[in-house]
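[1] I'll drop the sequence and a predicted model, then ask my questions.
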Amino acid sequence: MNSKVNDTKPKSKQPNLRKKTSPRITKNKKGKLPRKQHGFVYLGHIPHGFYEEEMRSYFGQFGKVINVRLYRSPRTGKSQGYAFIEFEHSEVAKIAAETMDNYLMFKKRLEAKFVPADKLKNLRMSFTPSWTAENYPLKEKRERLNQAKNADPDHDTYIRHCHKWMSSVRKTMLKLKELGIDYAFQPIDVPVELKNVF
């Protein structure tokens, strides 16, 4: 008998011998390749003297540093003791944060934490150029604040200040009188509106 017998056994799976390839990078809706995720590190308890250039140079040993943002006082330009450092790769930022956390530098213990990029959406826009004593990003604001502080007050403000000062002097004179001290004092250069107040 030469009848054909159908094998009911399932065929054994052959191992896939095809060469493994790297996963395909898919483009987004606009046809652009996805942007690399930069890594951010929060650095706190920064000692005096460890500023933008020093940070860029020091953290360069871990990988490429894109930006350094040291927070400074808008009025004086002095460091506020904390900063954000942007690395080209998030993996490098994680390693840097892990290595530098609780690192002792100039008798200060640094605090370094990895921060995901999605939590710092607006930070990248606020990175500023390196600060120098001659020129720094908030110099104009500082000058504007000082000009406003030192500017001559308008007439209404001047009258209000004079009235406050004269009432303070009057109270002092009454206290002296109660103590038996007879002291005559006549202020000069008093505005016309306040001639009868004293």
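    Received it, and whenever you're ready, just let me know what you need.
[2] quick one, strands of the chain?
    In chain order, the chain shows strands spanning 39-44, 65-72, 79-87, 104-105, 108-109, 111-115, with DSSP state E as the criterion.
[3] mind listing what the fourth one pairs with, with the direction of each?
    When you say that, I think you mean strand 104-105. strand 108-109 (antiparallel) (DSSP bridges).
[4] pLDDT score assigned to the residue at minimal distance from the centre of the chain?
    By C-alpha atoms, centre = their mean, the chain has its centre lying nearest to Tyr71, at 4.2 Å. Reading off the confidence values, Tyr71 has pLDDT 86.
[5] distance-wise, check it relative to Leu43.
    10 Å (C-beta to C-beta, to the nearest Å). (Glycine included, C-beta is placed from N, CA and C.)
[6] next, show the common contact partners of these two.
    Tyr82, Ala83 (C-beta atoms under 8 Å, 6 or more residues apart in numbering).
[7] could I get the buried residue list for stretch 154-167?
    For stretch 154-167, burial by neighbour count (16 or more other C-beta atoms under 10 Å) applies to Cys162, Met166.
[8] okay but the residue nearest to the centre of the chain is in contact with Lys78, surely?
    No: with contact defined as C-beta atoms under 8 Å, Tyr71 does not count as touching Lys78 (10.3 Å).
[9] domains for the chain, by residue range?
    With domains defined by automatic domain parsing, the chain comprises 39-140, 155-194.
[10] adding distance to Lys149, write those out as a markdown table.
    A markdown table is the format used below for those (distance: least, C-beta to C-beta, whole Å):
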| stretch | distance to Lys149 |
| --- | --- |
| domain 39-140 | 10 |
| domain 155-194 | 13 |
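[11] perfect, I'm done here.
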